[in-house]
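Participant: Next input, structure requested:
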Amino acid sequence: MYAIRLGDDGAELRPLEPWHAEEFLAHLDRGRDFINRYVPFGSGATDVAGAREVLQRYADRRAADTGSLHGLWLEGTLVGGVLTLNFDAANGTCEVGCWLEPAATGRGLVTRAMRVLIDWAVEQRGIHRVEWVAASGNAPSLNVARRLGMTRDGVRRGAHLHHGVRHDLEVWSVLAPEWRARGDH
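Facilitator: Numbers count the residues shown, from 1 in each chain. Take a look at the predicted model:
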């Protein structure tokens, strides 16, 4: 398929597909508590069959043109990923998101990968509005939105129940003309 180099540190963006189930499960097991602090991403993947099911759901979304999943590999090891959600090419909107295991944080991997993903969404698929939604307490995620030049649209107070706690969700976005004007991607 494809592997897009994200710099000189051995980081690559690649498709994350059902046949990666064992590798995906091992990755989730290394970072499960960290990854699931604010979102339940992959929480149902506790064995290979569950991991394959999660990956198949995203493969089905890709086939339906409603979402996509891409892994981040660092020196050959899956350490996280980026994705599109609520992808609606007809209306020109989508949401993007990410996750990382702790060992991969602080390297700019998500920011670099997200630039590739947003470029593709805007330039190849004609997306006009790209949204980023994150819990207000998730400072690293909100910092990525800032680095990508997104604008904070507002806060959906108490909108997300996770681990029995209500979290405020911040909505950030970038519009295609703003993205193109940045020119740093």
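
Participant: got a list of what Val171 touches?
Facilitator: Contact analysis of Val171 by CB atoms under 8 Å, 6 or more residues apart in numbering lists 131-133, 152-156. Yep, even glycine has a C-beta here, placed from its N, CA and C like the rest.

Participant: Leu78: which of those is nearest?
Facilitator: Trp132 (22.3 Å; CB to CB).

Participant: part of a strand, is that closest one?
Facilitator: Yes. Secondary structure of Trp132, determined by DSSP: H, G, I helix; E, B strand; the rest coil: located in a strand.

Participant: tell me which residues form a beta bridge with it?
Facilitator: Trp132 has the following beta-bridge partners by DSSP bridges: Val96, Trp172.

Participant: Any buried residues in stretch 100-118, and which?
Facilitator: Residues 100-101, 104, 107, 109-115, 117-118 are the ones in stretch 100-118 that count as buried (16 or more other CB atoms under 10 Å).

Participant: could you pull out the strands for the protein?
Facilitator: With DSSP state E, the ranges of strands along the chain come out as 4-5, 11-15, 68-74, 77-88, 93-100, 129-135, 151-162, 165-175.

Participant: which parts of the last one are buried?
Facilitator: So the one you mean is strand 165-175. For strand 165-175, the neighbour count (16+ other CB under 10 Å) marks 167, 169-175 as buried.

Participant: Of the contacts of Val171, just the buried ones, ChimeraX syntax please.
Facilitator: Buried members of the contacts of Val171 can be picked out in ChimeraX with the line below, counting by 16+ other CB under 10 Å:
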select :131,132,133
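
Participant: Now flag whichever of the buried residues of strand 165-175 is closest to Leu28.
Facilitator: His167 (21.0 Å).

Participant: For Ala51, find the nearest of the strands of the chain.
Facilitator: Relative to Ala51, the nearest member of those by CB to CB is strand 77-88, separated by 11.2 Å.

Participant: what packs against that closest one?
Facilitator: helix 21-35, strand 68-74, strand 93-100, helix 109-119 (3 or more CB pairs under 8 Å, 6 or more residues apart in numbering; DSSP states H and E).

Participant: Check which helices and strands the third one sits against.
Facilitator: Going back to what we said before, that points to strand 93-100. Here strand 93-100 touches helix 21-35, strand 77-88, helix 109-119, strand 129-135, going by 3+ CB pairs under 8 Å, 6+ apart.

Participant: who's in contact with that strand?
Facilitator: Residues outside strand 93-100 that contact it (CB under 8 Å, 6+ apart) are 31, 34-35, 39, 41-42, 72, 79-88, 109-110, 113-114, 117-118, 121, 127-133, 141, 144.

Participant: The first one now?
Facilitator: For helix 21-35, the surrounding residues in contact (CB under 8 Å, 6+ apart) are 16, 41-43, 45, 47-52, 54-55, 71, 77-80, 99-103.
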